[in-house]
Each structure stands twice: as C-alpha cells, then as structure tokens.
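A.B. asks: no FASTA, just this:
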C-alpha cells in the first residue's frame, strides 16, 4: 500500500465503535480523551437521524464519554446540508424525529405537506401508514424523494427493527422513484463532515464497524480506514467485499496510541 500522510483528523462511527447497546466499549473513553487533548479535529458520526447532536452529547455524557456537541455529525445534519446547498429556503414533508426536523428548521426550511419541494424520510419509532401514504402521493405529485440513510434494520433490546432503508423500499415500490440517500455509505456525509471541521481527506481517517457503510464511505472519500471488530462486521466477512480497510483492529482501544 502506498505511503500515506500522517493522520491529522479523525472521524469515527458511534454504535459498534464507541458504544454497544448503551454501554461504552473498552478504550472509547481513552480514545476520546486523547483526541481532545491532542487538539486534532474529530467527529463522531451516526447514520441515525432521530437525535439532535445535543441529545447525543447528553447520551454519551451519561456513559462517561465527553464529546462536545460540535463534534457530533449525524445523517440528519448531512441531509440538511445537502438540501441547503441544492435548494436554499425550500420546503419539505418530513417523516422523522427531532434530529431531522430540527436540522431542517435550522437551515430555514419550511415543513409542510402542501406541495413540498422534497419528501424527506428519516428514522422514527412510529412509522405510520398514513404518513407513508401521504409521502407516496406527494412524490407522485412531483416532490423529490430524499432519505437520510439506507440502513434497512436498526438495533433494539428486543431485536432488529425495520429502519429507514426498509421504509424507503416500500415507498419506492409504490412510486417507482428511488430516493437519494445522504448518509453513509454516501461519501457526501464524510466530505460535508470534513468541511465542517476544516479537515482534508488525505490526512484523515475513518473508524467503523461496518464494511458496507463506514469503510466504503471512508474509502470513497479518500480517507484511511480502520475496521474495528466490536460491531457488525466479523473478521471472516471482510473477504466477502471487493475492497479492504487500510487496517483491521480488534477495538478502538488499539487506536488510542495512533492519535
């Protein structure tokens, strides 16, 4: 592999890298502490659009992980940045929670079901048939279809839950229109995040637990990639993919000394 420049900034996924089922993964606190002491730019990323950065900051703080609000980047923020670039001051019909609606309000979007520019689909624990029907009719009426992320299932203590990608597939089947996904593995989420912290891809690294989202997005954004084995992708599954991470490590604890 060609020599890479030293890593000056870090992006890391949250679930499966720093925390697992509401519990910090050993080494996560030391990694965040080392990052903050180093002064290097960093972001904690999540494809989950339900929560605002303030919500996630509080959640992580309760687990002993001190991540500033400005160092949290969600698929909702990436979606809002994309829409603000594409159609400033537009309108949207939104299926989602506070993380998504707040991000769109913050860029000056009007949330409406009357001839919106976009239908924006994100995570919610209460997908309703009525809301999905309205989304289908608005898309057929000309609204553009945007989705925060393509994840088809999400975790819960009771087991997997249908997530944004699964609901998007239902709407696609009903309309014949495929959405534009703003979150991982779209490298757009990485690039907008890097821009937000003034970092450059050639001197940045992405840490993730999934080959199909984290590693793929980091690679396509031109970053070094580290796969940790504390989440979804197992070691024997790596060879199933036509691309590889820059390095595979057991957990985030193995990267503390790299900061």
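C.D. replies: Okay, I see it. Because the structure is predicted, anything quoted here is derived from the model rather than measured.

A.B. asks: Now residue 34: closest residue in space, sequence neighbours ignored.
C.D. replies: Here the nearest residue to residue 34 in space, its sequence neighbours aside, is residue 259; by CB to CB, 6 or more residues apart in numbering that works out to 4.5 Å. The C-beta positions use only the backbone N, C-alpha and C, and glycine is treated the same way.

A.B. asks: ok, the helix or strand of the chain with the lowest mean pLDDT: who's next to it in the sheet?
C.D. replies: With mean pLDDT, DSSP states H and E as the measure, the helix or strand of the chain carrying the lowest mean pLDDT is strand 153-154 (a mean of 81). Based on DSSP bridges, the strands next to strand 153-154 in the sheet, each with its direction, are strand 161-162 (antiparallel).

A.B. asks: After the partner strand, which helix or strand is next?
C.D. replies: The C-terminal neighbour of strand 161-162 among helices and strands, as given by DSSP states H and E, is helix 164-175.

A.B. asks: What lies in contact with that following helix?
C.D. replies: 49, 95, 119, 121-123, 127, 132, 135-136, 139-140, 145, 147-153, 177-179, 181 (CB atoms under 8 Å, 6 or more residues apart in numbering).

A.B. asks: same thing but at 6 Å, please
C.D. replies: 121, 123, 127, 135-136, 139-140, 147-152, 178-179 (CB atoms under 6 Å, 6 or more residues apart in numbering).

A.B. asks: What sits closest to residue 24 if chain neighbours are left out?
C.D. replies: Distances taken as CB to CB, 6+ apart place residue 63 nearest to residue 24, at 4.9 Å, with adjacent residues excluded.

A.B. asks: was I right about that neighbour contacting residue 23?
C.D. replies: No - counting by CB atoms under 6 Å, residue 63 stays clear of residue 23, with 7.1 Å between them.

A.B. asks: Among those two, which residue is more densely surrounded?
C.D. replies: Under the neighbour definition other CB atoms under 10 Å, residue 63 and residue 23 were set side by side, and residue 63 has more, 14 against 9.

A.B. asks: ranges for the strands of the stretch 151-259 of the chain?
C.D. replies: In order along the chain, the stretch 151-259 of the chain carries the following strands (DSSP state E, counting those that start in this stretch): 153-154, 161-162, 180-181, 204-208, 224-228, 247-249.

A.B. asks: In TSV: these, plus distance to residue 31 and mean neighbour count.
C.D. replies: Rendered in TSV, the data for the strands of the stretch 151-259 of the chain read as follows (distance: least, CB to CB, whole Å; neighbours: other CB atoms under 10 Å):
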stretch	distance to residue 31	mean neighbour count
strand 153-154	24	16
strand 161-162	28	13
strand 180-181	28	19
strand 204-208	9	27
strand 224-228	11	24
strand 247-249	11	16
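
A.B. asks: Tell me which of those strands lies nearest to residue 55.
C.D. replies: strand 153-154 (16.0 Å; CB to CB).

A.B. asks: where does the closest one sit relative to the chain's centre, distance-wise?
C.D. replies: When distances are taken as CA atoms, centre = their mean, to the nearest Å, strand 153-154 is centred 13 Å away from the chain's centroid.

A.B. asks: Give me the below-cutoff pLDDT ranges for the stretch 1-150 of the chain.
C.D. replies: Within the stretch 1-150 of the chain, the stretches falling below the threshold (pLDDT under 70) are 1-3.

A.B. asks: At which residues are the helices of it located?
C.D. replies: Secondary structure of the stretch 1-150 of the chain (DSSP state H, counting those that start in this stretch): helices located at 28-38, 53-62, 75-86, 98-106, 129-140.

A.B. asks: ranking the ones you listed by burial, who's on top?
C.D. replies: Mean neighbour count, computed with mean count of other CB atoms under 10 Å, is highest for helix 75-86 among the helices of the stretch 1-150 of the chain, reaching a mean of 24.
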